[in-house]
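K.L.:
sequence plus the predicted model coming up.
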Amino acid sequence: MLSVQKVTKRFGGLTAVQGVSLEVNKGEIVGLIGPNGAGKSTFFNILTGIYKPNEGAILFEGKPIHTQKPFRIAKQGISRTFQNIRLLKEESVLENVKVGMFGQTRSGLWSALLGLTQAKKEEEMVTEKSMQILELVGLKGYEGEQAGSLSYGNQRRVEIARALVSNPKLLLLDEPIAGMNAHEIEEMGELISAIRTKNGTTVILIEHNVGMVVGLCDRIAVLDHGEKIADDKPDAIIANPAVIEAYIGK
Ligand code: ADP
Ligand code: MG
């Protein structure tokens, strides 16, 4: 599904991502781990078109995406959450989820041309879809609440719901359990599993919590100083001396 080929990203003199390749198959949950500053979030920013790589290529379902703008990449079915929660805190949970459909419907000028009835129909469809996703992520009944009033764990769920409402083929989660308690972490693991099972969504998960990625992922890639130092099944990753060195050897 995704083929990342020797991608490099430099910021001035700093090489944040260095010659990284990664293959992801449809339906896989792939973990992406590594110490702080290893280049994990930058890697997501490259995949989603926020940054253009200095070198390398990215193919999604066989088509190059590294030359495309973020909204085009999103339209092809790649969706993400951010390391820092980005919600419209004053708006309702439902409105926050509906934002994820922005760019996927014929809004704005089109709705003016289509007429009010058609625009209304589309709005209703988006609302209905958003409600289904809220149920999937375990937030049924919260749709009218102000997003900012929810617990931290539930705000993370709203973020995931917003990323899911456009029916992505590939979901990129950047540290979805950062700051969560043990119970919330367990629930988030179950949610990610359920998303794959119910929707067949492929997932790349950036996470610091090694226990969680080992339990959840089919495969784990490890970044250190921008380079991929390992890519293997979870059991092999936790026994890999280079990985242990990257985490605790310094
Ligand atoms: P991680 O997510 O693994 O903690 P990041 O991808 O956020 O790491 O950062 C990798 C490196 O790239 C860090 O040294 C960071 O300071 C640098 N970096 C990330 N984004 C930028 C940017 N926009 N400009 C300059 N340096 C950046
Ligand atoms: Mg990061």
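P.N.:
Sure, I can see it. This one's a predicted model, so the numbers in the text were calculated from it and none came from an experiment. Ligands and ions are numbered 1, 2, ... in the order given.
K.L.:
so for this structure, which residue is the most central one in space?
P.N.:
Leu172 (2.0 Å; CA atoms, centre = their mean).
K.L.:
shouldn't that residue be within a helix?
P.N.:
No: under DSSP: H, G, I helix; E, B strand; the rest coil, Leu172 sits outside any helix and is assigned strand.
K.L.:
who's it bridged to?
P.N.:
Arg80, Ile204 (DSSP bridges).
K.L.:
for it, what are its contacts?
P.N.:
Phe44, Leu47, Thr48, Ile78, Ser79, Arg80, Thr81, Val203, Ile204, Ile206 (CB atoms under 8 Å, 6 or more residues apart in numbering). Any C-beta I mention is one placed from the backbone N, CA and C, and that applies to glycine too.
K.L.:
from ligand 1, how far out is the first one?
P.N.:
Yep, that's Phe44 we're talking about. Distance of Phe44 to ligand 1, computed by CB to the nearest ligand atom, to the nearest Å: 8 Å.
K.L.:
and if you look at the third one?
P.N.:
According to CB to the nearest ligand atom, Thr48 stands 13 Å off from ligand 1.
K.L.:
let's number from 51 now, not from 1
P.N.:
Sure, I'll start numbering at 51, so the last one becomes Thr98.
K.L.:
so how many other residues sit close to that residue?
P.N.:
Neighbour count for Thr98, taken as other CB atoms under 10 Å: 17.
K.L.:
show the average pLDDT along the top helix by length along the chain.
P.N.:
Ranked by number of residues, the top helix in the chain under DSSP state H is helix 166-186. Per-region confidence: helix 166-186 scores 87 on mean pLDDT.
K.L.:
how far off centre is that helix?
P.N.:
Offset of helix 166-186 from its chain centre (CA atoms, centre = their mean, to the nearest Å): 22 Å.
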